[in-house]
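Asker: Sequence and computational prediction follow.
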Amino acid sequence: MEGLNLAFHRTMEIGFIRGFKVGMDNIHLSHFIYADDASLISSGGRLTLVKSVMGSLGIYLMSLFKCPETVLKRLESIRAIFFWGGSNSVKKMSWLKWDKVLASFDKGGLNVGSLKAFNLALLFKWRWRDIVGGRIEQYLKVLLEEIGCPILRDRPDSWVCNLSDDGSYMVKDAREYCILVRWNLSAKGIDIDSIVYPNCNNGVETRDHLFFDCDVARDLWLRIRIWLGCGLPHFSSWDLFVVWLEGVRLTVSSKNRIIAVMVTSLWAIWRFRNDVVFQDSFCSKNSLFDVIRLFSFHWIKNRGHLVSNWNFWLSMPV
C-alpha cells in the first residue's frame with residue numbers, strides 16, 4: 001500500500017494526474033482505494049473490510065426482513081472469495097473452512113460472525129423492544145388467563161405426546177396424524193360437518209380407508225396389480241406394503257419401480273379426493289389409472305433413470 005501511495009504522488013509531481021480539492025479545508029484527494037483492489041491489500045486489511053464493510057451492508061434490510069437461505073449463502077460466498085484474495089474472475093485457495101473463520105476467538109476463529117446470526121439478532125431486537133417497552137405485563141396477563149389455575153405436582157418434568165394413549169412418542173403415531181383426513185381433523189378438535197368419506201359414503205375417512213379400503217381405491221389397486229404383474233397383494237395399510245416389499249424376492253430396480261408406482265398412486269388418490277371435496281369435480285377411474293402410469297413413468301425416467309421407453313413401461317413395468 002505504501003508503494004502505491006508513493007507511485008501516485010510521483011505521477012502527480014510530473015503532471016499525469018492532478019486530483020481535486022473538497023470541503024472547506026480544501027483537502028486534496030488524488031486517488032481512492034476500492035475493495036476491488038484485493039490483491040493490494042493484506043489479509044489483515046481484507047479481514048477488517050469483511051467485518052466492518054461487507055458485514056454491515058445489509059443492516060437496514062436485515063433488521064426488517066428474514067433473509068432467505070440462498071441469499072445468505074451467496075453473500076457468505078462473496079465475503080469468503082474476497083477474504084482469500086479472489087474475485088469473480090480469479091480463484092484463490094481457501095486455506096480454512098469458512099465456518100471456522102466466522103467462529104469467535106474462543107472457538108479458534110477470527111470472530112467475523114455469520115450473516116445469518118446477525119440477521120436473527122437484528123430481528124430479535126424488535127421483540128426485545130416490545131418486552132422492555134412495557135408490553136410484558138400485558139403478555140403476562142394473557143398467559144395467566146390461558147393457564148388458569150395450574151396444578152403443580154412434586155415430580156420431575158417430562159415430555160408427553162398427545163397423539164398416543166400412553167403419552168409416549170412413536171413415529172407411526174405422528175405419521176398417522178400428518179395427513180389431514182376428516183378423522184384426524186375431528187380428533188384435533190376441528191368442527192367439521194361429517195367424518196364420512198364423501199367419495200363412497202360408506203366409511204369414516206381415515207388414512208387407510210382413503211388410500212386402500214374405499215371402493216375407488218380398491219378398484220384402482222386391482223388395476224395396478226394386474227398391470228404390474230408381480231404378485232402384488234392387496235394391502236390395507238402402507239406399513240403392510242413395506243413389510244411385503246422387504247420380504248419379496250425382486251431386484252433393486254424392480255422394487256424401486258414398484259415404490260414409484262405406489263407413491264404416485266397415493267398422490268393421485270389424494271389429489272382425486274381434494275378435487276371432489278374442494279372443487280366439486282370428478283375424475284373417472286380410467287383417467288386416474290392413466291394419470292398414475294404417466295406420472296410414475298416421468299418420475300422414474302427423470303429421477304431414477306430406470307426406464308426410458310413408454311411402450312415398455314405400459315406393457316412390462318417390473
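Answerer: Yep, it's here.
Asker: From here on, just use CA atoms for contacts and neighbour counts.
Answerer: Fine.
Asker: Low-confidence regions, the stretch 151-300 of the chain specifically.
Answerer: For the stretch 151-300 of the chain, applying pLDDT under 70 flags the ranges 151-152, 157-178, 282-283, 285.
Asker: now residue 273: how far from residue 183?
Answerer: Distance of residue 273 to residue 183, given as C-alpha to C-alpha, to the nearest Å: 14 Å.
Asker: just residue 315 next, same as before
Answerer: According to C-alpha to C-alpha, residue 315 and residue 183 sit 38 Å apart.
Asker: higher neighbour count, these two?
Answerer: Neighbour count, other C-alpha atoms under 10 Å: between residue 315 and residue 183, residue 183 has more, with 20 against 11.
Asker: secondary structure element for the more buried one?
Answerer: Following DSSP states H and E, one finds residue 183 within helix 182-187.
Asker: Show me what the top helix by length along the chain is packed up against.
Answerer: Identified as the longest helix of the chain according to DSSP state H is helix 252-278. For helix 252-278, the elements it packs on are helix 285-299, judged by 3 or more C-alpha pairs under 8 Å, 6 or more residues apart in numbering; DSSP states H and E.
Asker: So which bits of the helix it packs on are buried?
Answerer: Buried residues in helix 285-299, defined by neighbour count with 16 or more other C-alpha atoms under 10 Å: 288-289, 292-297, 299.
Asker: ok, then the element right after that helix?
Answerer: Using DSSP H and E, the helix or strand that follows helix 285-299 towards the C-terminus is helix 310-315.
Asker: Remind me what that following helix packs against, helices and strands.
Answerer: Applying 3+ C-alpha pairs under 8 Å, 6+ apart, we find helix 310-315 packed against helix 285-299.
Asker: residues in contact with residue 255?
Answerer: For residue 255, the contacting residues are residue 245, by C-alpha atoms under 8 Å, 6 or more residues apart in numbering.
Asker: How much space separates the most centrally placed residue in the chain from residue 120?
Answerer: Geometric centre of the chain, nearest residue: residue 69, 9.1 Å, by C-alpha atoms, centre = their mean. When distance is defined by C-alpha to C-alpha, residue 69 is 12 Å away from residue 120.
Asker: same question, residue 242
Answerer: Taking C-alpha to C-alpha, one finds residue 242 at 42 Å from residue 120.
Asker: Comparing these two, which shows the higher neighbour count?
Answerer: Between residue 242 and residue 120, residue 120 has the larger neighbour count (other C-alpha under 10 Å), namely 15 against 12.
Asker: does the more buried one count as helix, strand or coil?
Answerer: Per DSSP: H, G, I helix; E, B strand; the rest coil, the local secondary structure of residue 120 is helix.
Asker: my guess is it meets residue 66, correct?
Answerer: Yes. Assessed by C-alpha atoms under 8 Å, residue 120 is found in contact with residue 66 at 7.3 Å.
Asker: hey, what's the residue lying closest to residue 202 once chain neighbours are set aside bridged with?
Answerer: Nearest residue to residue 202 in three dimensions, chain neighbours excluded: residue 196, at 7.1 Å (C-alpha to C-alpha, 6 or more residues apart in numbering). Note on residue 196: beta-bridge partners by DSSP bridges are residue 204.
Asker: wait, what's in contact with residue 196?
Answerer: By C-alpha under 8 Å, 6+ apart, the contact set of residue 196 is 182, 202-205.
Asker: Narrow those to those that are buried.
Answerer: Buried among the contacts of residue 196 by 16+ other C-alpha under 10 Å: 182, 204-205.
Asker: Just want to check the distance between residue 220 and residue 234.
Answerer: 11 Å.
Asker: Comparing those two, which residue is more hemmed in?
Answerer: Legend: neighbour count by other C-alpha under 10 Å for residue 220 and residue 234, higher for residue 220 (20 against 14).
Asker: you'd agree the more buried one is up against residue 289?
Answerer: Yes. At 6.7 Å, residue 220 counts as touching residue 289 under the criterion of C-alpha under 8 Å.
Asker: State the number of residues packed around residue 96.
Answerer: Around residue 96 there are 10 other residues, counting by other C-alpha under 10 Å.
Asker: swap in residue 249?
Answerer: The number of residues packed near residue 249 is 10, by other C-alpha under 10 Å.
Asker: That one falls within a helix, correct?
Answerer: No. Judged by three-state DSSP, residue 249 forms no part of a helix; its state is coil.
Asker: any idea how far residue 79 is from it?
Answerer: Distance of residue 249 to residue 79, computed by C-alpha to C-alpha: 53 Å.
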